[in-house]
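Q: The sequence and its predicted three-dimensional model are supplied below.
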There are 2 protein chains.
Amino acid sequence: MKIDFWFSIGSTYSYLTVMRLAEVAETSGVEFRWRPFNVRYVMIEQNNIPFKDKPVKSAYMWRDIERRAKRYSLTPQLPAPYPLPGLALANQIAIVGLENGWMEDYVRATYRRWFESGEAPGEEPNISSSLTEIGCDPREVLAAAQTQQAADDLQTATDEAMTLGVFGSPTFAVGQELFWGDDRLEDAIHWAKDNAS
Amino acid sequence: MKIDFWFSIGSTYSYLTVMRLAEVAETSGVEFRWRPFNVRYVMIEQNNIPFKDKPVKSAYMWRDIERRAKRYSLTPQLPAPYPLPGLALANQIAIVGLENGWMEDYVRATYRRWFESGEAPGEEPNISSSLTEIGCDPREVLAAAQTQQAADDLQTATDEAMTLGVFGSPTFAVGQELFWGDDRLEDAIHWAKDNAS
């Protein structure tokens, strides 16, 4: 069974999924295909701005993440920097990682620094520290991530997400069936198992 | 143990809670205090418009409700009429019912007609049919619900909700701790039990 995990580095709730997905995959026997896209592009296109200028809802969001992080034995320092000016670059690095086999490790490393040390992804020192930690050369990767090709590849993935009906991160896609939010991960797994042929 | 259940007739996801809460209360041993408020007032105040002019997110919302309704053995006809022009009146009727002991029955009846027969709450024929079904005189109740007093009482409840930090419906309040969304009901119950003195 396979589930597409659509995510953007820059989504706060996706922290919960990124940090627990490897274990969930092992426990459930489901294979997750990690699909980075640019959720900001989608949200602007769809006039769907969930937290900007919404202090009451934002305060709830951090408290909700704090409570759910505890359930997964995560220890974030909240609030983390938000929103991320470097969202596009952070995800272009993920796109480069996808082609080179270290994407998941990078995403976990950059999220951990973001939520546990307050370092914003897509900016220094997070970029170089995360890449060094997983054994990559930051200069090489940054050069590749800042090309038109990497930008185009991220846009292609984003267009694919939009065609599928994805509007937020994280989204779990089981065929055409979408489940939005870390709190729908278990539903997506049940759906995949119930509909496995 | 007591949990305040803040809701607005007019909220789509609140359908799931309204239809299952009596059973959940019995099973869990938790007492729920039903608190109608005007979520539209709060959302406009906070510039938090979740579905208007967002067709992709709205389509997902209906599909998500459909899947979750099935889990609770509910059989809605979707999409239901949305948004509700009569939102304020529908909740002012609930306010009148709160003082007269039939509020929960009315809320269930008006939601059932909304989601199962496509009749919008706060409008005819839903108002009269729902009130008649629960043994009330629609003319009497409508007269009481359209007074300044009923409008003021709904606003007072709405102000109280906002002071507490409520920004959406349904919200479950366990003391100062808020849980937003039908999918957080079980979390709220666990919180209430873990923090019972």
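A: Done, it's in.

Q: Residues contacting the lowest-mean-pLDDT helix or strand in chain A, please?
A: The least trusted helix or strand in chain A, going by mean pLDDT, DSSP states H and E, turns out to be helix A:39-45, with a mean of 92. Outside helix A:39-45, the residues that touch it by CB atoms under 8 Å, 6 or more residues apart in numbering or on different chains are A:7-8, A:10-11, A:48-50, A:83, A:87-88, A:155, A:158, A:161-162, A:166-169. Placement of C-beta: from N, CA and C, glycine included.

Q: Flag every buried residue along stretch A:63-71.
A: Neighbour counts using 16 or more other CB atoms under 10 Å in any protein chain shown place A:63, A:64, A:65, A:68, A:69 of stretch A:63-71 among the buried residues.

Q: avg pLDDT for that stretch?
A: For stretch A:63-71, mean pLDDT rounds to 97.

Q: on that earlier part again, can you lay out the buried residues of stretch A:63-71 as JSON lines showing secondary structure?
A: What follows is those, written out as JSON lines (DSSP: H, G, I helix; E, B strand; the rest coil):
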{"residue": "A:63", "secondary structure": "helix"}
{"residue": "A:64", "secondary structure": "helix"}
{"residue": "A:65", "secondary structure": "helix"}
{"residue": "A:68", "secondary structure": "helix"}
{"residue": "A:69", "secondary structure": "helix"}
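
Q: Against chain B, how distant is residue A:170?
A: Going from residue A:170 to chain B by CB to the nearest CB, to the nearest Å gives 13 Å.

Q: Over to residue A:68?
A: For residue A:68, the distance to chain B equals 8 Å [CB to the nearest CB].

Q: thinking again about what came up before, of the contacts of helix A:39-45, which belong to strands?
A: Using DSSP state E, residue A:7 are the members of the contacts of helix A:39-45 that sit in strands.

Q: Throw together a PyMOL command that grabs the buried residues out of the contacts of helix A:39-45.
A: Filtering those down to the buried ones (16+ other CB under 10 Å) takes a single PyMOL command:
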select buried, chain A and resi 7+8+10+11+48+50+87+88+155+158+161+162+166+167+168+169
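
Q: now, which of the contacts of helix A:39-45 lie within helices?
A: A:87, A:88, A:155, A:158, A:161, A:162 (DSSP state H).

Q: In chain A, where is pLDDT below threshold?
A: A:197 (pLDDT under 70).

Q: in it, which spans are strands?
A: Remark: strands assigned in chain A by DSSP E are A:2-7, A:31-36, A:171-174, A:177-180.

Q: Can you tell me which of the ones you listed is packed in deepest?
A: strand A:171-174 (a mean of 25; mean count of other CB atoms under 10 Å in any protein chain shown).

Q: Show me how far that strand is from its chain's centre.
A: Computed by CA atoms, centre = their mean, to the nearest Å, the separation of strand A:171-174 from the middle of its chain amounts to 13 Å.

Q: Would you give the sheet partners of that strand, along with the direction of each?
A: strand A:2-7 (antiparallel), strand A:177-180 (antiparallel) (DSSP bridges).

Q: okay, the angle between the longest one and strand A:31-36?
A: Relative orientation of strand A:2-7 versus strand A:31-36 (axes from the mean of the first three to the mean of the last three CA atoms, to 10 degrees): 30 degrees.

Q: does residue A:31 really touch residue A:1, like I thought?
A: Yes - taking CB atoms under 8 Å as the definition, residue A:31 is a contact partner of residue A:1 at 6.8 Å.
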